[in-house]
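A.B. asks: Got a predicted structure plus its sequence, pasted below:
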Amino acid sequence: MMDKNHYQALFEKANEYYGSDRAEILPFVPEGTETTLEFGCGLGDFSALVKKRFDTESWAVELHPEAAKTAAAKIDKVLNKDAIEALSELPDNKFDAIFFLDILEHLIDPYSLLSACNQKLSDNGVLISSIPNIRYYRALKNYVFKGQWEYKDQGLMDITHIRFFTHSSIGNMFKRLGFDDVSLHGIHETRSNGYRILNALSLNSLWDARYKHFIAVARKSQNIR
């Protein structure tokens, strides 16, 4: 039987897991953004990049204590707390952009957190998420054609992923939660010839399997204050 310490060790990550500036997200940050909040900021590289590029006041929430300490030296404020616990310490109507970069798939209840963040956005604020696509071709061929559903240390089948999303389910989630003007953008495109052939044979029904991640940009709901 697996003991508690063994189970917890499965969820521990090497330091490099927490560090990435995610520069590919920058084009989705609206011009004029002045205040930002990032959930799961890791070492703070992305929020630091946004701060430098847009001259923002940058806040973040990070559960890992060592990563939070490192991030705190780079940006304005870091709360070393669980995301839900941090909500009470975050001011309402403050942030022009809130980021969830490959975080939602790790949460038991991402829906309640997203809904609560609506009131943390400024009047014209946006919520920007990077979310893995479980229909991505390289994952799809493993479980459809090879019958493999194997968890790994990181990537689409990261052992710490407990929620799985597709293009359709991402859009439906944000709309169901009441966000406005939801747009989805595919990134990290496969260059596999196998994918192109399969998609052509399926009459483009696998178009969304081209992308490893989708960026969701959702505007603050004007019906919730």
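C.D. replies: Yep, that arrived.
A.B. asks: looking at this, residue 214 is in a strand?
C.D. replies: Yes - under DSSP: H, G, I helix; E, B strand; the rest coil, residue 214 falls within a strand.
A.B. asks: Would you mind naming the residues that bridge with it?
C.D. replies: Applying DSSP bridges to residue 214 yields these beta-bridge partners: residue 131, residue 186.
A.B. asks: Is it in contact with residue 186, as I believe?
C.D. replies: Yes - assessed by Cβ atoms under 8 Å, residue 214 is found in contact with residue 186 at 5.7 Å. All C-beta atoms are positioned from the backbone trio N, CA, C, and that covers glycine.
A.B. asks: So for these two, which residue has more residues nearby?
C.D. replies: Set residue 214 next to residue 186 and count neighbours by other Cβ atoms under 10 Å: residue 214 wins out with 22 against 17.
A.B. asks: re the thing from before, mind listing the shared neighbours of residue 214 and residue 186?
C.D. replies: Overlap of the contact sets of residue 214 and residue 186 (by Cβ atoms under 8 Å, 6 or more residues apart in numbering) consists of 133, 167.
A.B. asks: quick one: residue 29 and residue 23, what's the gap?
C.D. replies: Per Cβ to Cβ, to the nearest Å, residue 29 is found 11 Å from residue 23.
A.B. asks: Look at these two and report which has more neighbours.
C.D. replies: Higher neighbour count among residue 29 and residue 23: residue 29, with 20 against 12, using other Cβ under 10 Å.
A.B. asks: Just to check, that one is in contact with residue 58?
C.D. replies: No - contact criterion Cβ under 8 Å: residue 29 and residue 58 do not qualify, at 11.3 Å.
A.B. asks: okay, and the common contacts of those two?
C.D. replies: 36, 50.
A.B. asks: Which residues are in contact with the residue nearest to residue 49 when sequence neighbours are not counted?
C.D. replies: Spatially, and ignoring its direct neighbours in sequence, residue 49 is nearest to residue 21 (4.7 Å; Cβ to Cβ, 6 or more residues apart in numbering). For residue 21, the contacting residues are 45, 46, 48, 49, by Cβ under 8 Å, 6+ apart.
A.B. asks: With residue 141 instead?
C.D. replies: Here residue 141 is in contact with residue 194 (criterion: Cβ under 8 Å, 6+ apart).
A.B. asks: coming back round to it: for the contacts of residue 21, which one is nearest residue 115?
C.D. replies: Of all the contacts of residue 21, residue 46 has the smallest distance to residue 115: 23.3 Å, by Cβ to Cβ.
A.B. asks: Count the residues that sit near residue 150.
C.D. replies: Around residue 150 there are 9 residues (other Cβ under 10 Å).
A.B. asks: hang on, it packs against residue 157?
C.D. replies: Yes - counting by Cβ under 8 Å, residue 150 touches residue 157, with 6.3 Å between them.
A.B. asks: ok, which stretches of the protein are strands?
C.D. replies: Per DSSP state E, the chain carries strands over the ranges 35-39, 57-61, 77-79, 95-101, 121-132, 180-189, 211-219.
A.B. asks: Turn these into TSV, columns for distance to residue 69 and mean pLDDT.
C.D. replies: TSV is the format used below for those (distance: least, Cβ to Cβ, whole Å; pLDDT from 0 to 100):
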stretch	distance to residue 69	mean pLDDT
strand 35-39	16	98
strand 57-61	12	98
strand 77-79	8	98
strand 95-101	20	98
strand 121-132	24	96
strand 180-189	30	95
strand 211-219	28	97
